[in-house]
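Peer 1: Here you go, sequence then predicted model.
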Amino acid sequence: MPEKEISTINRAYISILPKQPYYDWANAVFKDSTPMTGLNMEATAYAFNDDFAVKDLAEVVKPYYPFIFEMELYGACTDPDAWPPKRTWKMFSDWFSYHVGSMVWDLVPEQPPGHDEE
C-alpha cells in the first residue's frame, strides 16, 4: 500500500519525444545557437478526454497530430514561416515518438491542476 493516498486526474495523455529530424530542423533554423540534442530533452504531455480501447495507438494520436506538431514546432521557433510547410502524418511519425496512457496520477493533490497566470 502506498505511503500517501493519491488520486487520478480524469484524462488520458499523449507523450511526445522529438527524434533526430526535429533536432536537425531546429538546429538548421538556429545555426548560431547551441545545438539541440535528444540527450537532455524532456517529453511533452498532452491531456485529452478519450477512451482509446484500440490496438493501434497511431489511430489515437492521428486526430491530434496537426495541433501537436504545431505546438512542438512552436516550442522551438515561434515563427511559423520557419516551420516545414507540409506537415503530414508520416513526417510527424518520423519526427516524434509518442506514447499514449490512460491514467494520470496526481502526486500533489494539495495543489489542484490549473493554469498559472503571470
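Peer 2: Structure's in. What do you need? Numbering: from 1, shown residues only.

Peer 1: What segments of the protein are helices?
Peer 2: Ranges of helices in the chain, per DSSP state H, are 20-29, 58-61, 65-76, 89-95.

Peer 1: what's the closest of these to Trp83?
Peer 2: Among these, the nearest to Trp83 by Cβ to Cβ is helix 65-76 (4.7 Å). In this view, the C-beta of every residue, glycine as well, is placed from N, C-alpha and C.

Peer 1: That closest one packs against which elements?
Peer 2: Judged by 3 or more Cβ pairs under 8 Å, 6 or more residues apart in numbering; DSSP states H and E, helix 65-76 is in contact with strand 12-18, helix 20-29, strand 44-48, helix 89-95, strand 96-101.

Peer 1: The helices of the chain: which one's closest to Ala82?
Peer 2: Per Cβ to Cβ, nearest to Ala82 of these: helix 20-29, 5.1 Å.

Peer 1: tell me what that closest one is packed against?
Peer 2: Helices and strands touching helix 20-29, as assessed by 3+ Cβ pairs under 8 Å, 6+ apart, comprise helix 65-76, helix 89-95.

Peer 1: ok, back up a step: now the helices of the chain as a markdown table including mean pLDDT?
Peer 2: Below are the helices of the chain laid out as a markdown table (pLDDT from 0 to 100):
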| stretch | mean pLDDT |
| --- | --- |
| helix 20-29 | 94 |
| helix 58-61 | 90 |
| helix 65-76 | 96 |
| helix 89-95 | 98 |
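
Peer 1: now these in a markdown table, with distance to Met41 and mean neighbour count?
Peer 2: A markdown table is the format used below for the helices of the chain (distance: least, Cβ to Cβ, whole Å; neighbours: other Cβ atoms under 10 Å):
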| stretch | distance to Met41 | mean neighbour count |
| --- | --- | --- |
| helix 20-29 | 8 | 16 |
| helix 58-61 | 19 | 16 |
| helix 65-76 | 10 | 16 |
| helix 89-95 | 13 | 15 |
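
Peer 1: Save these as a markdown table, and put in distance to Pro35 too.
Peer 2: What follows is the helices of the chain, written out as a markdown table (distance: least, Cβ to Cβ, whole Å):
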| stretch | distance to Pro35 |
| --- | --- |
| helix 20-29 | 5 |
| helix 58-61 | 28 |
| helix 65-76 | 12 |
| helix 89-95 | 16 |
